[in-house]
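structure of the sequence below:
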Amino acid sequence: MEELMEKIKELAQKVYKELGPFGFIEETEYEAALAYEFRKNGLKYLEQLQVDIMYEDQIVKEGKVDFIVFDEKEENGIIVELKAITEIYDKFLDQPIKYYEAIKSEKSSFPRFLANKIKKIVVLKWEINRKGKKLPPLFEKDGISSPPDLKKIGEKYKNIIKIITIDAREDTKKSKKKEEKEEEED
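The predicted structure is shown next:
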């Protein structure tokens, strides 16, 4: 699963590098580009799957999972949700967690053979266009972290959900170092 999460991160970074931060380009365009990269790289996925949030025997809300991406053998799947926000707070994790719970529920109309394959949730936190503003620090150096407050989300999800920040920080650091080196040489 870690290898699949790294591949998802790599492809999302590639799309970000080409399209830039959210602003002019919206979530649907990022989804289309990311789906293209999944196909191009041989990843199997499902896109915009309906998920019913249930209360007893009643559907109280219908939602759509951005992606479910599978490993090579299609034995394990990851829910992938895109979020275009400055900071991830607990409330932004409620949606993918509710989707996960709904998919796993015995009351769900979601096909059991698919539900049983889903093991993880990845939230791709896309940077938004904030001209002139400094980017907030990553939760961890490599951009992968656990949810901000596991006490509120629950211990049950600490090994299921990961946040991956998609931005150009590494490219920015490299280009600044390159510029500084070129200035020194001049």
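
need the per-residue pLDDT for the residue most central in space within the chain.
By C-alpha atoms, centre = their mean, the chain has its centre lying nearest to residue 124, at 2.4 Å. Note on residue 124: pLDDT of 89.

in the protein, which spans are helices?
Using DSSP state H, the helices of the chain run over 2-19, 27-40, 90-104, 112-115, 150-153, 169-185.

mean pLDDT for those helices: which is lowest?
Across these, the lowest-scoring stretch is helix 169-185, with a mean of 51.

how about residue 44, what does it touch?
69, 70, 74 (C-beta atoms under 8 Å, 6 or more residues apart in numbering). Every residue, glycine included, has its C-beta placed from N, CA and C.

show me the contacts for the residue nearest to the centre of the chain.
If you count contacts by C-beta under 8 Å, 6+ apart, then residue 124 has 8, 9, 12, 80, 81, 82, 83, 164, 166 around it.

how many neighbouring residues does residue 106 have?
6 (other C-beta atoms under 10 Å).

got a list of what residue 38 touches?
By C-beta under 8 Å, 6+ apart, residue 38 lies in contact with 11, 45, 67, 69.

swap in residue 105?
residue 54.

hmm, back to that, for beta bridges, what are the partners of the residue nearest to the centre of the chain?
Listed by DSSP bridges, the beta-bridge partners for residue 124 are residue 82, residue 164.

can you tell me how far it sits from residue 25?
Noted for residue 124: a distance of 14 Å to residue 25, by C-beta to C-beta, to the nearest Å.

on that earlier part again, same list (the contacts of residue 38) but as CSV, adding distance to residue 61 and neighbour count.
What follows is the contacts of residue 38, written out as CSV (distance: C-beta to C-beta, whole Å; neighbours: other C-beta atoms under 10 Å):
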residue, distance to residue 61, neighbour count
11, 30, 21
45, 23, 17
67, 19, 24
69, 24, 25
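
so which of these sit within strands?
For the contacts of residue 38, the ones inside strands are 45, 67, 69, with DSSP state E as the criterion.

pLDDT wise, what is the first one at?
Read that as residue 45. The model's pLDDT for residue 45 equals 96.
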